[in-house]
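1. Need a 3D model of the following:
(2 chains)
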Protein chains: 2
Amino acid sequence: MDDALEQLGSETVHHGPIVDVSIKRYRRADGSEVERQVVEHPGAVAIVAYDERFVYLARQPREAIEEAGSLEIPAGTLDVAGESELECAKRELSEEIGLAAEHWSVSHVIYAAPGYSDERITIFEATGLSDAPGESDDDELIETVRVPLVEIDAALAEIHDAMTLVGLLLLKQRLAAR
Amino acid sequence: MDDALEQLGSETVHHGPIVDVSIKRYRRADGSEVERQVVEHPGAVAIVAYDERFVYLARQPREAIEEAGSLEIPAGTLDVAGESELECAKRELSEEIGLAAEHWSVSHVIYAAPGYSDERITIFEATGLSDAPGESDDDELIETVRVPLVEIDAALAEIHDAMTLVGLLLLKQRLAAR
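-> Have a look, this model is predicted:
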C-alpha cells in the first residue's frame, strides 16, 4: 500500500460469485479519514492477439449492460488458484478464440473503475499465433470475430468495452509506429 | 433491452453509497437461462478538456486501488436527480479543474466492466476553455495537472485508469489527424 494511505479497517458486507463488496476506512496523507465502498474483484487478464492481417476478438452476451453481442478482446478472471496471469491468458486465448501464441508481452495494466473497484486487468499482446482449440465454459456463448487490421477504426466505432478500447487503441498506435 | 435477451427476474442483495448489487436472471436468444451478479451504478461522465497546448487532468487519491495520486481525466457520477450528462460534465469540469468550456462533443461511450457491472461512462471532449472555479466536495483532494499535448505519451505510461486511457488515446488520435 502507498505510504500516503493507511487502511484503518475493512468489513465485507456482500459476498457474490464474481465480486465481494467491503466498506473500508482509510487515513489519508493529510490526516483526514474517509470511508469507501470497495468492490473486490480477483483481477483479470485480456489478450490482444494479432497477426499480419487480423486481430482476433470475441463477441459474447453481456447481460449486465443488456447487450446480446459485445465485441471484446478475449479476457478472463483470475479465478483458478495458483494460476499465473500469463497461464490464465494462454488458457483464455485457447478457450475463447482457439489460438495459441508464441510471443507474449504486457501491453498495459489498467484499473476498470478505480473510484470504487480494485479490479486490475493485465492486457497482454500475443503474436506468433497457431491453432489450439480449448474447451469453453458451458454458459459462455462466444463467437470469434477476425477483424482485419485495416478495419480497426470501423470496429472501434462499435466497441464500448473500456478494456477492449484501450487494447485496440494501443495496438493501432503500435502498428502506426512500425 | 436487446430483443435477444429477456430479463426474468432481479433481486437486490446489497445497497451501498456508490453501487448496489443485484442477482438477475435472463433468458438468452438460444433459450438458455443464466444468473448474473450485476453491480448497479448510476452512470458517469468524464471530460477530455484541452486547448492548443495542454490537456487538463486531475490527480486524486483512489483508496480502492491503494493509490494516493491517480492521474485521471475529470469525471463524476450521475448522482444529482434531474441533471443531464452534459450539465454534470460542466459541473465536474468546474469543480475539479476550475474551467468552463464553450464547445462540447461526445468522444465515446464506454462500459467500465460489462462482465458484471452496468456502469456506463459518457466521455466528452471540451474545448474553448476559460476560468470558472467551482466548489469541490469536502472529501475530495484533487490537484489539477496540466499535461502538455506534446507529452501525452509520457503521461499515458503512468496512467492506469481505463476511462482516462480511452479518452487520451482518442485525443491523441484526433490530434494526429489534424
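2. how about the helix ranked longest in chain A, does it get close to chain B?
-> Ranked by residue count, the top helix of chain A under DSSP state H comes out as helix A:162-177. Yes: using Cβ under 8 Å from any Cβ of the partner chain, helix A:162-177 reaches chain B at A:162-163, A:165-166, A:169-170, A:172-173. Where you see a C-beta, it was placed from the backbone N, CA and C, and this is true even at glycine.
3. same deal with stretch A:114-130?
-> Yes: residues of stretch A:114-130 contacting chain B under Cβ under 8 Å from any Cβ: A:114-121.
4. If you average the pLDDT over that stretch, what comes out?
-> The pLDDT scores in stretch A:114-130 average 98.
5. before we move on, what about stretch A:170-178?
-> The average of the pLDDT scores along stretch A:170-178 is 93.
6. Now do the buried residues in it.
-> Using 16 or more other Cβ atoms under 10 Å in any protein chain shown as the test for burial, stretch A:170-178 gives A:170-172.
7. ditto for stretch A:56-70
-> Quick answer for stretch A:56-70 (16+ other Cβ under 10 Å): A:56-65, A:67-70.
8. Alpha carbons only: can I get that stretch in PDB?
-> Provided in PDB are the C-alpha atoms of stretch A:56-70 (Å, rounded to 0.1, in the frame of the first residue of the first chain):
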ATOM      1  CA  TYR A  56      -8.900 -11.800 -33.000                       C
ATOM      2  CA  LEU A  57     -11.900 -10.700 -31.000                       C
ATOM      3  CA  ALA A  58     -14.800 -12.400 -29.200                       C
ATOM      4  CA  ARG A  59     -18.500 -11.500 -29.400                       C
ATOM      5  CA  GLN A  60     -20.500 -12.500 -26.400                       C
ATOM      6  CA  PRO A  61     -23.600 -11.700 -24.400                       C
ATOM      7  CA  ARG A  62     -23.100  -9.100 -21.700                       C
ATOM      8  CA  GLU A  63     -26.300  -9.300 -19.700                       C
ATOM      9  CA  ALA A  64     -25.200  -6.600 -17.200                       C
ATOM     10  CA  ILE A  65     -25.400  -4.000 -20.000                       C
ATOM     11  CA  GLU A  66     -28.300  -5.700 -21.800                       C
ATOM     12  CA  GLU A  67     -26.100  -6.400 -24.800                       C
ATOM     13  CA  ALA A  68     -26.600  -9.700 -26.700                       C
ATOM     14  CA  GLY A  69     -23.300  -9.400 -28.600                       C
ATOM     15  CA  SER A  70     -20.500  -7.300 -27.100                       C
END
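9. from the middle of its chain, how far away would that stretch be?
-> Averaging C-alpha coordinates over stretch A:56-70 and over its chain gives two centres that are 14 Å apart (Cα atoms, centre = their mean, to the nearest Å).
10. Go ahead and name everything in contact with stretch A:18-25.
-> A:7-14, A:33-41, A:77, A:117, A:119, B:14, B:16, B:19, B:21, B:37, B:39, B:63, B:115-116 (Cβ atoms under 8 Å, 6 or more residues apart in numbering or on different chains).
11. helix/strand/coil for the residue lying farthest from the centre of chain A?
-> What lies farthest from the middle of chain A is residue A:31; by Cα atoms, centre = their mean that is 34.5 Å. Following DSSP: H, G, I helix; E, B strand; the rest coil, the label given to residue A:31 is coil.
12. Which residues are in contact with residue A:170?
-> Listed by Cβ under 8 Å, 6+ apart, the contact partners of residue A:170 are A:48, A:107-108, A:123, B:169.
13. what about 10 Å?
-> A:48, A:107-108, A:123, A:125, B:156, B:165, B:169 (Cβ atoms under 10 Å, 6 or more residues apart in numbering or on different chains).
14. Please apply the same query to residue A:111.
-> Applying Cβ under 10 Å, 6+ apart, the residues near residue A:111 are A:117-121, B:62, B:64-65, B:67, B:70, B:72, B:112, B:159-165.
15. mind listing the helices for chain A?
-> Taking DSSP H as the criterion, chain A carries its helices at A:85-92, A:152-158, A:162-177.
16. buried sites along stretch A:128-141?
-> A:129, A:136, A:141.
17. Quickly list what the closest residue to residue A:70 other than its chain neighbours is bridged to.
-> Excluding the flanking residues, the one nearest residue A:70 by Cβ to Cβ, 6 or more residues apart in numbering or on different chains is residue A:62, at 4.2 Å. For residue A:62, the beta-bridge partners under DSSP bridges are residue A:67.
18. so residue A:62 touches residue B:116, yeah?
-> Yes: assessed by Cβ atoms under 10 Å, residue A:62 is found in contact with residue B:116 at 9.1 Å.
19. Find the residues that touch each one of those two.
-> residue B:36.
20. If you tally nearby residues, what's the number for residue A:166?
-> The tally of other residues near residue A:166 (other Cβ atoms under 10 Å in any protein chain shown) stands at 27.
21. quick one, what contacts the residue lying closest to it once chain neighbours are set aside?
-> Once flanking residues are discounted, residue A:166 sits nearest to residue B:165: 4.7 Å by Cβ to Cβ, 6+ apart. Contacts for residue B:165 were tallied using Cβ under 10 Å, 6+ apart; they are A:108, A:110-111, A:123, A:162-163, A:165-167, A:169-170, B:72-73, B:156, B:159.
22. Closest one to residue B:148 out of those, please.
-> residue B:156 (12.9 Å; Cβ to Cβ).
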